[in-house]
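Trainee: Sequence and predicted structure are below.
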Amino acid sequence: MNRSSGGQPTATSRAITRRTALGMAVGAGAIGVTALSGCSDTPDPDEAVRSAAMNEERALIATYDTAIAAATGEQAKKLQLIRDQHAEHLTQLGALPVAGKSASPSSSPAAPLATGQLNADQLATLESEQASARQASSLQAVSEPLAMTLALIAGSEQMHASWWQTS
């Protein structure tokens, strides 16, 4: 510290160095970020829509898993192909940004919508019902990315229904 001959601090010793100012700015920024990190707890207006769609996709996956276990040969391969597409739907729903937090698909198990060996008519009906539900939920979604994803899933599920109707 610079002192005058009388022991008093001089003007140069009271000046803040650039290093000190930078350290104070970084510290203040860290405190501000920490304080504001709790402010992102705004509720997600799409939580109910997203959760319902994810739960229904899990139920479809469980339904296909049950049907695959009861199927053989080519039928099992067809079921697996569509089951994998439903798994991709679930992944896409979980990958969307969520207001106030990061989205993460829950891996909680779901009960199948139907059990045992399902015939093509039953699968077509099931897929058609789910397509209608996704279309309705796409209209309820607030965020554009979620609405678009749900609409695309509805289209995919309607194609599954059409495919089962022609099988």
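Mentor: Perfect, I can see it now.
Trainee: now the helices for the protein?
Mentor: 11-14, 18-37, 47-70, 73-95, 120-140, 144-166 (DSSP state H).
Trainee: tell me the most buried of the ones you listed?
Mentor: Comparing the helices of the chain by mean neighbour count (mean count of other Cβ atoms under 10 Å), helix 47-70 ranks first with a mean of 19. All C-beta atoms are positioned from the backbone trio N, CA, C, and that covers glycine.
Trainee: Pull it out as CSV, backbone CA atoms only.
Mentor: What follows is helix 47-70, C-alpha atoms only, in CSV (Å, rounded to 0.1, in the frame of the first residue of the first chain):
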residue,chain,number,x,y,z
GLU,A,47,-47.2,-29.4,-19.0
ALA,A,48,-50.6,-31.1,-19.0
VAL,A,49,-50.7,-31.5,-22.8
ARG,A,50,-47.1,-32.8,-23.0
SER,A,51,-47.5,-35.2,-20.0
ALA,A,52,-50.7,-36.6,-21.4
ALA,A,53,-49.1,-37.2,-24.9
MET,A,54,-46.0,-38.7,-23.3
ASN,A,55,-48.1,-41.0,-21.1
GLU,A,56,-50.2,-42.1,-24.0
GLU,A,57,-47.1,-42.8,-26.1
ARG,A,58,-45.7,-44.9,-23.2
ALA,A,59,-49.0,-46.8,-23.1
LEU,A,60,-48.8,-47.5,-26.9
ILE,A,61,-45.3,-48.7,-26.5
ALA,A,62,-46.4,-51.0,-23.7
THR,A,63,-49.3,-52.2,-25.9
TYR,A,64,-46.9,-53.0,-28.7
ASP,A,65,-44.4,-54.7,-26.3
THR,A,66,-47.3,-57.0,-25.2
ALA,A,67,-48.4,-57.7,-28.7
ILE,A,68,-44.8,-58.4,-29.8
ALA,A,69,-44.4,-60.9,-27.0
ALA,A,70,-47.5,-62.8,-28.3
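Trainee: so what does that helix touch, helix or strand wise?
Mentor: helix 73-95, helix 120-140, helix 144-166 (3 or more Cβ pairs under 8 Å, 6 or more residues apart in numbering; DSSP states H and E).
Trainee: If we use 6 Å, what do you get?
Mentor: For helix 47-70, the packing partners by 3 or more Cβ pairs under 6 Å, 6 or more residues apart in numbering; DSSP states H and E come out as helix 73-95, helix 120-140.
Trainee: for the record, mean pLDDT for it?
Mentor: For helix 47-70, the mean pLDDT works out to 93.
Trainee: Sketch out the low-pLDDT regions of the chain for me.
Mentor: Segments of the chain classed as low confidence (criterion: pLDDT under 70) are 1-40, 99-109, 115-116.
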